[in-house]
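**Q** following is a predicted model, sequence given first.
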Amino acid sequence: MITMRAATSADSRAVHALDTLAFAGDPTRVPPEHALSGLDLERTFLAEHPDLPDGPAGLYSSYDLRVRVPGTPAEGTRLVPVNGLTWVGVHPDVRRRGVLGTMIRHHLREARERGEAIVGLHASEPGIYGRFGYGVASHNVTYTLGRGTEITAPQTVVALADRTTTGLVTDLDDDTVAARLRDVLLDSPALGTVVLPERCWRSVLRDVPEARRGVEPRRALVATRDGRDVGAAILTRKARWEDGRPEGTVAVDLVTAVDAGALLALGRRLVDMDLTAEARFVGRGVDDPLLGWAGGIRLRRVRISDALWLRPVDVGRMLVARGYGAPLDVRLVVADPVLEENRGTWHLHVDASGKATCDRSHEAPDVSLDVAALGETFLGLVGPTALAAQGRIVEHAPGAVATLTSAFATGAAPLGGLSF
C-alpha cells in the first residue's frame, strides 16, 4: 500500500537525492542547499512504497503562484492564485506501480483542502497529465532574432519607447533587486504571465557558479520611464567565436513590460548587444508583439510547445475567477476523472459587465465537457468551438457552444510565461 506523508527538514537530503535520481541529474551541479532553497516544505509531500523501505518512492511540492487571466472588458486581465505543482518525481525502481497516481490524487485533495480553486503544472512529458484532468492552457513560443534585426512598430509605440531608458543590473543576487524585478512582473498586464512566490523567485535569481558553467551570471535589463520601472528582461550571454568573429548568444529567459513602448525598448536593446550574433527568447506567445514587429513567424526559427497546464479543483470557483467578454447563461455538465466534487451540472451566468457566478444546477445541461477542456479554454488559448469540432465538447442546446466561445474569447493568445 502506498502512503503519503508531509516532508520535514530531516528529509531535505532525501528529497534532493530522489529528484536528482528521477531526472538523471548531476548531483554536483547544484548544491542541495541551493536546489532546495525555493521549496516550501509545508507544501512538500513524500510517497512511501513497501517495495522501497529505505527511502521515499516519490515526491511532489507546490508553489503559491499568481497567474494573469482574462478579466472583464473593463479590466483587461487580472491576477489570480494558482497552486503550481512542481518537483514531481518517482524512484525508478517503483515506476508504473501507482506512485504517481497516488501523489496526484493526494495533491488535488490537498489543494482543495487549502481552499484553492485552480492547480497548474509544467509537464516533463506531455502524455502524463491529461488523464488526471489537466489541459494545456498556454503555449511556450521560443524564437531567435539575429543581431540587428529590424523591429518595426507603429509610431505611437516608437514614441513611447523613445521616452523609455534601459539599463543593465549586473547583480541579481540581492533581495532589493529581486523585489524590484518581481514588482515589474506583477504590474505586467500580459495574459498568461506567471509570478513565482517570493521565496522561489529569490532562489531563481541566486547565483550558483556550479550551475552556470561557461555562462555569465544572470543579468537584468530594466526599462524605466518617468522615474518608474516599466519593464524588465532577465538574460545571460554566452561568448563564442568562430573564425575570429563574435558569435555569442543572448539567452532571454524572461521579458515583461507594462506597455508596448517598454517592450519595444527592451527588444531593441536585446538584439543589439556587443559580441553577440543572436538573441533567443523563451516563454513568449504566438501573438507576441515583439515577434510581430520583427517580421513574424516564418523568419524567426519559431518553436511551439506546451507550457502551463491547468485544471480546476473547484469548478465553480475557477470559472468565477476570470472575467468574460460577453454575457452568458449556460449549464455545463462536467466530467472529472479524479474529483467527484467537480462532477455534475454547473450554471455559469455572466452579466453584461463580464462578471460571473457559477452554482450547482439540477436543470438540463446545454453542453457536456470534461475538466481538461475547462483548463484548455481558461486563458483563451483554444475556444469551445474548436474543442467541439474535436468531440471534446458536446452541444445539447443549439447555439450553446457559439455563445460559450464568444464569452471565453480573449482576443490574444496567452504567453508561455515562466516555467516552474
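**A** Looks like it came in fine. Numbers count the residues shown, from 1 in each chain.
**Q** enumerate every residue touching Gly71.
**A** Contact partners of Gly71, counting by CB atoms under 8 Å, 6 or more residues apart in numbering, are 77-78, 322-323, 354. C-beta here means a position set from N, CA and C on the backbone, and glycine is covered the same way.
**Q** from those residues, list just the buried residues.
**A** With burial judged by 16 or more other CB atoms under 10 Å, the buried subset of those is 77-78, 322-323, 354.
**Q** thinking again about what came up before, ok, so of the contacts of Gly71, who is nearest Leu290?
**A** The closest of those to Leu290 turns out to be Thr77 (CB to CB; 18.1 Å).
**Q** where's Val286, which helix or strand?
**A** Under the criterion DSSP states H and E, no helix or strand holds Val286.
**Q** what about it, how many neighbours?
**A** Burial measure for Val286: 17 neighbouring residues, criterion other CB atoms under 10 Å.
**Q** in the lowest-mean-pLDDT helix or strand in the chain, what's buried?
**A** When each helix and strand of the chain is scored by mean pLDDT, DSSP states H and E, helix 32-35 comes last, with a mean of 88. Buried residues in helix 32-35, defined by neighbour count with 16+ other CB under 10 Å: Ala35.
**Q** identify the residues contacting Val88.
**A** 58-60, 100, 103, 121, 124.
**Q** what's the distance between it and Val338?
**A** 15 Å (CB to CB, to the nearest Å).
**Q** what's the answer for Gly391, then?
**A** Gly391 is 21 Å from Val338, by CB to CB.
**Q** which one of these two is surrounded by more residues?
**A** Neighbour comparison, Gly391 and Val338: the larger count goes to Val338, with 19 against 7 (by other CB under 10 Å).
**Q** how is the chain partitioned into domains?
**A** 3-138, 140-303, 315-408 (automatic domain parsing).
**Q** please convert the ones you listed to TSV, extending it with distance to Gly416.
**A** Shown next, in TSV, are the domains of the chain (distance: least, CB to CB, whole Å):
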stretch	distance to Gly416
domain 3-138	6
domain 140-303	3
domain 315-408	10
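**Q** relative to Leu418, which of these is closest?
**A** domain 140-303 (4.5 Å).
**Q** for Ala251, give the beta-bridge partners.
**A** For Ala251, the beta-bridge partners under DSSP bridges are Thr236, Arg280.
**Q** swap in Ser305?
**A** Asn140.
**Q** what do you get for Pro70?
**A** Thr77.
**Q** run a quick neighbour tally on it.
**A** Pro70 has 27 nearby residues by other CB under 10 Å.
**Q** same thing with Pro197?
**A** Neighbours of Pro197 (other CB under 10 Å): 18.
**Q** swap in Ala178?
**A** Counted with other CB under 10 Å, Ala178 comes out at 19.
**Q** give me the phi and psi angles of it.
**A** Backbone torsions of Ala178, given as degrees, to the nearest 10, read phi -60, psi -40.
**Q** isn't it right up against Cys200?
**A** No: checked against CB atoms under 8 Å, the pair Ala178 and Cys200 is beyond contact range at 10.6 Å.
**Q** can you give me the helices in the stretch 1-150 of the chain?
**A** In the stretch 1-150 of the chain, the helices defined using DSSP state H, counting those that start in this stretch lie at 12-22, 32-35, 99-113.
**Q** with distance to Asp54 added, can I get those helices in CSV?
**A** What follows is the helices of the stretch 1-150 of the chain, written out as CSV (distance: least, CB to CB, whole Å):
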stretch, distance to Asp54
helix 12-22, 10
helix 32-35, 19
helix 99-113, 15
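**Q** nearest to Pro92, out of the ones you listed?
**A** Going by CB to CB, the one of the helices of the stretch 1-150 of the chain nearest Pro92 is helix 12-22, 6.8 Å.
**Q** give the other helices and strands that that closest one contacts.
**A** In this structure, helix 12-22 packs against helix 32-35, strand 58-70, strand 77-90, with contacts taken as 3 or more CB pairs under 8 Å, 6 or more residues apart in numbering; DSSP states H and E.
**Q** buried residues of the last one, list them for me.
**A** Applying a neighbour-count criterion of 16+ other CB under 10 Å, one finds 77-80, 82-90 buried in strand 77-90.
**Q** I'd say Val252 and Ile234 touch.
**A** Yes: between Val252 and Ile234 a contact is recorded at 7.4 Å, counting by CB under 8 Å.
**Q** which one of these two has more residues nearby?
**A** Just comparing Val252 and Ile234: by other CB under 10 Å the higher neighbour count belongs to Val252, 24 against 21.
**Q** spit out the contact partners of the more buried one.
**A** 233-235, 270, 279-282.
**Q** kindly reformat the residues you listed as a markdown table and extend each row with distance to Leu263.
**A** What follows is the contacts of Val252, written out as a markdown table (distance: CB to CB, whole Å):
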| residue | distance to Leu263 |
| --- | --- |
| Ala233 | 10 |
| Ile234 | 14 |
| Leu235 | 15 |
| Leu270 | 10 |
| Ala279 | 14 |
| Arg280 | 17 |
| Phe281 | 11 |
| Val282 | 15 |
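**Q** give me the buried entries from the residues you listed.
**A** The buried subset of the contacts of Val252 (16+ other CB under 10 Å) comprises 233-235, 270, 279-282.
**Q** may I see the buried residues of stretch 60-75?
**A** 60-72.
**Q** got JSON lines for those, with pLDDT and distance to Ala22 too?
**A** Output for the buried residues of stretch 60-75, formatted as JSON lines (pLDDT from 0 to 100; distance: CB to CB, whole Å):
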{"residue": "Tyr60", "pLDDT": "98", "distance to Ala22": "11"}
{"residue": "Ser61", "pLDDT": "98", "distance to Ala22": "13"}
{"residue": "Ser62", "pLDDT": "98", "distance to Ala22": "17"}
{"residue": "Tyr63", "pLDDT": "98", "distance to Ala22": "18"}
{"residue": "Asp64", "pLDDT": "97", "distance to Ala22": "23"}
{"residue": "Leu65", "pLDDT": "98", "distance to Ala22": "22"}
{"residue": "Arg66", "pLDDT": "98", "distance to Ala22": "28"}
{"residue": "Val67", "pLDDT": "98", "distance to Ala22": "26"}
{"residue": "Arg68", "pLDDT": "98", "distance to Ala22": "31"}
{"residue": "Val69", "pLDDT": "98", "distance to Ala22": "31"}
{"residue": "Pro70", "pLDDT": "98", "distance to Ala22": "35"}
{"residue": "Gly71", "pLDDT": "98", "distance to Ala22": "38"}
{"residue": "Thr72", "pLDDT": "98", "distance to Ala22": "42"}
